[in-house]
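Asks: Starting from these lines, generate the structure:
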Amino acid sequence: MNCSPQPGVTRRAPRFRLTDTTLAVLRLQNGSCVAGDLHVISCHGGLLLLPQIVGQGSIVQLMFHTHRGTVVGTAEMLTAVNSTQQPFRFITLAEKEQRTLHAAFQSHRYRNTDVEERIEELKAVVANAVSNWNPSPWYGRFAPKLAIGVLAIVGCLAWALYAHLLPH
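Replies: Purely as a prediction, here's the structure:
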């Protein structure tokens, strides 16, 4: 899985929802630090749960720990989703940090939100189809008559075949 942007490719990188609380520390340009929880991560960025929103466009040093090692990178803070959730995108992430992140993704300890979203979409489509399934009324009246007719024809053919095979 390559994390570097590729020209002409519009498919986004897989995002992973962390199953355990993962502490993330942001060091702001003025030297102060803000601690929060890393909620979603991809090789391009992620979503933080913060006690206070950091200014949009702020460049921060972001550090968090995975079960495969610590990841430290430079990130840009994006527009907050609400008063506690703020996405970010990595500006720089060293090759070593990318390898650590990839190893964490490949270990299957994180839930792939893209796969979860597709599963939920499929469940919704199936549930909608089942709830909207309403066979037309003519089918309900016609099916028993059709079945009786088919059985009668099969019976007549069986009797004719049987009668034809009897020795005369």
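
Asks: Going by C-alpha atoms from here, please, whenever you check contacts or count neighbours.
Replies: OK.

Asks: how about low-confidence regions in the chain?
Replies: Along the chain, segments meeting pLDDT under 70 span 1-20, 107-121, 123, 130, 133-141, 161-168.

Asks: switch to 90 and redo it
Replies: Confidence mapping of the chain against pLDDT under 90 gives the ranges 1-22, 39-44, 65-70, 98-168.

Asks: Quick check: buried residues in stretch 81-93?
Replies: 85-90, 93 (16 or more other C-alpha atoms under 10 Å).

Asks: mind listing which of these are in strands?
Replies: Of these, the ones assigned to strands by DSSP state E are 85-90.

Asks: buried stuff in stretch 34-44?
Replies: 35-44.

Asks: same thing with stretch 54-66?
Replies: For stretch 54-66, the neighbour count (16+ other C-alpha under 10 Å) marks 54, 59-66 as buried.

Asks: how near is the nearest residue to residue 54 once chain neighbours are set aside to residue 25?
Replies: Using C-alpha to C-alpha, 6 or more residues apart in numbering and skipping residues adjacent in sequence, the residue nearest residue 54 is residue 77, 7.0 Å away. According to C-alpha to C-alpha, to the nearest Å, residue 77 stands 13 Å off from residue 25.

Asks: picking up where we left off before, out of the buried residues of stretch 34-44, which comes closest to residue 128?
Replies: Set against residue 128, the nearest of those by C-alpha to C-alpha is residue 40 (29.0 Å).

Asks: Can you give me the distance of the closest one to residue 86?
Replies: Taken as C-alpha to C-alpha, the span from residue 40 to residue 86 is 11 Å.

Asks: Identify the contacts common to those two.
Replies: 47-48 (C-alpha atoms under 8 Å, 6 or more residues apart in numbering).

Asks: who's in contact with residue 99?
Replies: Contacts of residue 99 by C-alpha under 8 Å, 6+ apart: none found.

Asks: before we move on, what about residue 36?
Replies: With C-alpha under 8 Å, 6+ apart, residue 36 has these contacts: 23-25, 48-51.

Asks: Any quick ChimeraX command for the buried ones out of those residues?
Replies: In ChimeraX, this line selects whichever of the contacts of residue 36 come out buried by 16+ other C-alpha under 10 Å:
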select :23,24,25,48,49,50
